[in-house]
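1. Model the following, please.
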Amino acid sequence: MKRIDTLVIMCLLFTASGCVFEEGVGPEGPPGNANVFSLNFEFNMLDADINGTVASVQYNVPDITPSVVDEGAVLLFFRDQGTWTAMPYTFGVESPDLPAVDYTVSMGYGYDDHFLEVFYETSTEAVNFLSLPDRTIKAVVIDGFPFGKKSVDLTNWNVVKELFQLKDE
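-> Presented below is the predicted three-dimensional model:
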């Protein structure tokens, strides 16, 4: 009888204290492709709709579900000079004649159910959007965040890749 009492008390203490999992390990095991995946795509200026200081491309992404929108996240990274850089990101463009920033170009994105929009936004309408580079983009779709995670730098592709066991496709 004493053994059963001890087991019941331990179960109650465990339940009352909450579940604690190793970083990156949830109740079903390590995170992986069940709730997180990545995909690469091209952001091409020839496909962009231009409206004043914004050039955007809209994508239909069925895997961005209401669950992702309400409880998860979508992270975007663009490829530049051999590295993945987190978005949003702003570039300062300097005049060849002056050591000053003439205008800025920001890369950003927004998402909703089944929808992703990627855009360039400039600080002036004088920018020729077709002179801006096309970009290889990596999206990471996270369908809910596991509880018990320590603070994680989601702006670093290598950290995100390791945390969710993604591949460099």
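2. so how far is V160 from W84?
-> Separation of W84 from V160 (Cβ to Cβ, to the nearest Å): 9 Å. Placement of C-beta: from N, CA and C, glycine included.
3. between those two, which one's more packed in?
-> Neighbour tally, W84 and V160, criterion other Cβ atoms under 10 Å: the higher count belongs to V160, 22 against 19.
4. Quick check: the gap between the more buried one and S67.
-> 19 Å.
5. okay, and for this protein, where does confidence drop off?
-> Per-residue confidence for the chain (pLDDT under 70) gives these ranges: 1-34, 98, 145-150.
6. OK, contacts around the residue nearest the centre of it?
-> Central residue of the chain (Cα atoms, centre = their mean): L75, 0.7 Å from the mean position. The contact partners of L75, by Cβ atoms under 8 Å, 6 or more residues apart in numbering, come to A86, A139, V140, I142, L154, V160.
7. ok, what's across the strand from the fourth one?
-> Beta-bridge partners of I142, counted by DSSP bridges, are V36, A73.
8. Work out the sheet partners of the longest strand anywhere in the chain and label each with its direction, please.
-> If you go by DSSP state E, the chain has its longest strand at strand 101-112. Taking DSSP bridges as the criterion, strand 101-112 pairs within the sheet with strand 89-94 (antiparallel), strand 115-122 (antiparallel).
9. That strand: which residues count as buried?
-> Of the residues in strand 101-112, Y103, V105, S106, M107, G108, Y109, Y111 count as buried by neighbour count, 16 or more other Cβ atoms under 10 Å.
10. All good on my end, thank you.
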